[in-house]
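J.: build me a model from this:
(one chain, ligands or ions: 1)
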Amino acid sequence: MPEPAFQDYYPENVSHCYGCGSLNALGLRIRTRWEGDESVTRFTPRPEHTAIPGFVYGGLLASLVDCHSTGTAAAAMYRQEGRAMDTLPAYRFVTASLHVDYLAPTPLGVELEVRGRVKRIEGRKVVVEATVSALGKVTARGEVVAAQMREGFGQV
Ligand SMILES: CCCCCCCCCCCCCCCC(=O)SCCNC(=O)CCNC(=O)[C@H](O)C(C)(C)COP(=O)(O)OP(=O)(O)OC[C@H]1O[C@@H](n2cnc3c(N)ncnc32)[C@H](O)[C@@H]1OP(=O)(O)O
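T.: Residues are numbered from 1 along each chain as shown. Predicted coordinates for the structure are as follows:
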């Protein structure tokens with residue numbers, strides 16, 4: 001049995017995200033785990049994720065970086081406190097900022113590897129750097145500022 005992914009610990013009410021929600025049947029449903037100090041997601045884009053024939057749409061790559069990094073942010077907070085991810089209080093992070101640089105075209109039809117590293121944890125905010133690789137070559141690099149959701153998120 002593979003060890004659970006970060007997303008396996010998301011409560012049902014926050015499991016509808018297009019990128020990482022296990023309850024979103026049309027979503028990417030990415031799964032992220034620690035490999036040492038780095039977090040890793042592996043995902044094979046589908047034909048509908050095409051930009052130019054044969055190459056992956058940049059928005060899909062941004063989604064991978066985004067949800068990989070918000071999951072990494074939550075896991076990093078638990079890790080910093082030496083707590084298991086199924087313990088309370090729960091950490092819930094949303095994207096405050098998402099930056100992606102596209103370094104080279106990303107081929108479609110192969111498994112992509114997203115690797116993340118926690119750059120810093122500052123109060124309620126975690127900054128995560130991530131790379132996307134195809135066939136061993138880094139094709140995109142991103143940085144996410146993830147912020148802890150406040151009570152009443154989305155209420156105006
Ligand atoms: C594991 C077990 C359970 C875990 C369970 C996890 C569930 C995980 C939920 C899944 C969900 C999917 C997540 C997918 C990723 C999305 O796609 S999320 C959807 C897109 N994002 C949004 O809708 C967020 C909308 N924005 C907001 O709600 C608010 O602006 C924010 C981002 C929460 C910040 O609001 P705030 O906390 O009231 O504001 P604030 O105190 O000013 O900001 C906090 C910190 O972030 C910084 N910050 C804010 N905005 C920015 C910015 N644009 N640039 C840089 N820094 C910024 C602030 O400077 C501040 O830093 P410090 O001053 O403390 O150093």
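J.: which positions in this structure make contact with the ligand?
T.: Proximity of the chain to the ligand, by Cβ under 6 Å from any ligand atom, involves residues 6, 9-10, 14, 17, 19-20, 66-67, 70, 74, 85, 90-97, 122-125, 145, 147, 150, 153. Yep, even glycine has a C-beta here, placed from its N, CA and C like the rest.
J.: number of nearby residues for R79?
T.: By other Cβ atoms under 10 Å, 16 other residues sit near R79.
J.: hang on, the earlier thing: so which of the residues of the chain next to the ligand are in strands?
T.: 93-97, 122, 125, 145, 147 (DSSP state E).
J.: show the pLDDT at A96.
T.: Note on A96: pLDDT of 98.
J.: where does the protein have low pLDDT?
T.: 152-156 (pLDDT under 70).
J.: centroid residue for it?
T.: Note on the chain: the residue nearest the mean C-alpha position is H68, at 1.0 Å, using Cα atoms, centre = their mean.
J.: identify the residues contacting it.
T.: Going by Cβ atoms under 8 Å, 6 or more residues apart in numbering, H68 touches 30, 32, 39, 41, 114, 116, 128, 130.
J.: which ones are touching Y91?
T.: 73-74, 77-78, 148.
J.: quick one, helices of this protein?
T.: 58-81 (DSSP state H).
J.: now the buried members of the ones in strands among the residues of the chain next to the ligand.
T.: Buried by 16 or more other Cβ atoms under 10 Å: 93-95, 145, 147, out of those.
J.: and which of those is nearest to A62?
T.: Taking Cβ to Cβ as the measure, T95 is the one of those closest to A62, at 10.1 Å.
J.: so what's the closest one bridging to?
T.: When assigned by DSSP bridges, T95 has beta-bridge partners A146.
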